[in-house]
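Novice: How does the following fold in three dimensions:
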Amino acid sequence: MPLNLPNLLTWLRILLIPLMAGVFYLPDGWVAAHRVNLFATAFFTVAALTDWFDGYLARALGQTSAFGAFLDPVADKLMVAAALIVLVDLDRVAPLIALIIIGREITISALREWMAKAGKSASVAVSFVGKLKTAAQMVAIVLLLYHDPFAGLPVAPIGSVLIWVAALLTLVSMAYYLAMAARALRDSG
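Specialist: Okay, the predicted model is just below:
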């Protein structure tokens, strides 16, 4: 495992996951009730920013590695799954939404691995709809973790609408990737 700044940022993202989730389950009085949402949101936001930053640094510094390419998407999926499970537990996200998003992540990860073994990984490369899904999902999770009104904005209802949009985009992107994989396999004979 190469020890470089991009990989350290990925490890930081993984370490932030239990902090983001755990702050909701601390004994009463350890953290002021009005700060719990703020701390969880801050941990998740920092983790989400490291996702963008570690990839950028890996490319800019020429520090890409097979280990980093493996660990980065694992960290992303762990972060999103943990946040969704906590949000379901807090009754801020419907279980169906979590099942759709987590199920898609598992399905597409397996599909990408299978397509890579078949030499067809380019057919399931990240698409625009996948990036749009990720953006909607991350903003929705931040809003749902924060949950309290902010500057007069009803954060929780906006987050609830966005997480449904993210779930719809999740299904659309999954259908797109499955169709691209099927076409690549069909064309290869």
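Novice: helices or strands up against the helix or strand harbouring Leu162?
Specialist: If you go by DSSP states H and E, Leu162 is part of helix 155-187. Judged by 3 or more Cβ pairs under 8 Å, 6 or more residues apart in numbering; DSSP states H and E, helix 155-187 is in contact with helix 95-117, helix 128-146. From N, CA and C alone the C-beta is placed, and that goes for glycine too.
Novice: Can you name the residues in contact with the last one?
Specialist: The contact list for helix 128-146 (Cβ atoms under 8 Å, 6 or more residues apart in numbering) reads 20, 37-38, 40-41, 44-45, 48, 80, 83-84, 86-87, 92-93, 101, 155-156, 158-160, 162-163, 165-166, 169-170, 172-173, 176-177.
Novice: OK, contacts around the residue nearest the centre of the chain?
Specialist: The chain has Val80 as the residue nearest its centroid, 3.8 Å off, counting by Cα atoms, centre = their mean. Residues near Val80 by Cβ under 8 Å, 6+ apart: 101-102, 105, 137, 141.
Novice: what angle do the helix or strand hosting Phe70 and helix 128-146 make?
Specialist: Under the criterion of DSSP H and E, Phe70 resides in helix 66-89. For helix 66-89 against helix 128-146, the angle by axes from the mean of the first three to the mean of the last three Cα atoms, to 10 degrees is 50 degrees.
Novice: Run the angle between helix 66-89 and helix 155-187 for me.
Specialist: 130 degrees.
Novice: what comes up buried for stretch 110-130?
Specialist: Buried positions in stretch 110-130, judged by neighbour count with 16 or more other Cβ atoms under 10 Å: 111-112, 115, 120, 123-124, 129-130.
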